[in-house]
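*Asks:* Pasted the sequence and its predicted model underneath.
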Amino acid sequence: MRMAILIAIVIATMPAFAFAQDNCYDKAQDQAALNKCADAAFKKSDEKLNELYRQIEIRLRDDADTKKLLVQAQRDWVRFRDAECDFRTAQAAGGSMMPMLVAQCMTHLTQSRIQDLEGYLNCEEGDMGCPVPSAN
């Protein structure tokens, strides 16, 4: 039963793009290699997230109050991401799959956050529901 739950977690948290982008998982011969693949995918997503975040910071350079809200929102989001991934992977605690499952969860949630930040960067001029000014 526990193995079935772990397999379900892997399937649910493993974004399809991770497999489509490279064949790291295909080449992996053991769990340690799978863990490295998942970690590499997370690092790539995290780099993209940080790049978008910096772009938003630049657009908010003249609006200290909104920039402060951005910083707080991102800190809260990181706490949420970490807590959510701890929860999602609780059944694998202490197991060799745990690092892979956590990294895959973090990648999945980071990709979602990337979409949010990209949306902020592509707001229409005058969109009052968008906290980030359009590019000049």
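*Replies:* Right, received. Where do you want to start? Note that the structure is predicted; figures quoted are calculated from it, not measured.
*Asks:* Report the mean confidence score over whatever helix or strand residue 42 lives in.
*Replies:* Here residue 42, judged by DSSP states H and E, is contained in helix 31-59. The average pLDDT for helix 31-59 rounds to 97.
*Asks:* who are the neighbours of that helix, in terms of helices and strands?
*Replies:* The elements that helix 31-59 packs onto, with contact taken as 3 or more Cβ pairs under 8 Å, 6 or more residues apart in numbering; DSSP states H and E, are helix 16-21, helix 24-27, helix 64-88, helix 98-121. Backbone N, C-alpha and C define where each C-beta goes, glycine included.
*Asks:* Can you say which of those helices is packed in most?
*Replies:* Ranked by mean neighbour count, those are led by helix 98-121 with a mean of 20 (mean count of other Cβ atoms under 10 Å).
*Asks:* which other helices and strands contact that helix?
*Replies:* helix 2-13, helix 16-21, helix 31-59, helix 64-88.
*Asks:* that older thread, and the helices and strands packed on helix 31-59 as a markdown table, adding mean pLDDT and distance to residue 43?
*Replies:* Output for the helices and strands packed on helix 31-59, formatted as a markdown table (pLDDT from 0 to 100; distance: least, Cβ to Cβ, whole Å):
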| stretch | mean pLDDT | distance to residue 43 |
| --- | --- | --- |
| helix 16-21 | 46 | 12 |
| helix 24-27 | 91 | 12 |
| helix 64-88 | 98 | 14 |
| helix 98-121 | 97 | 9 |
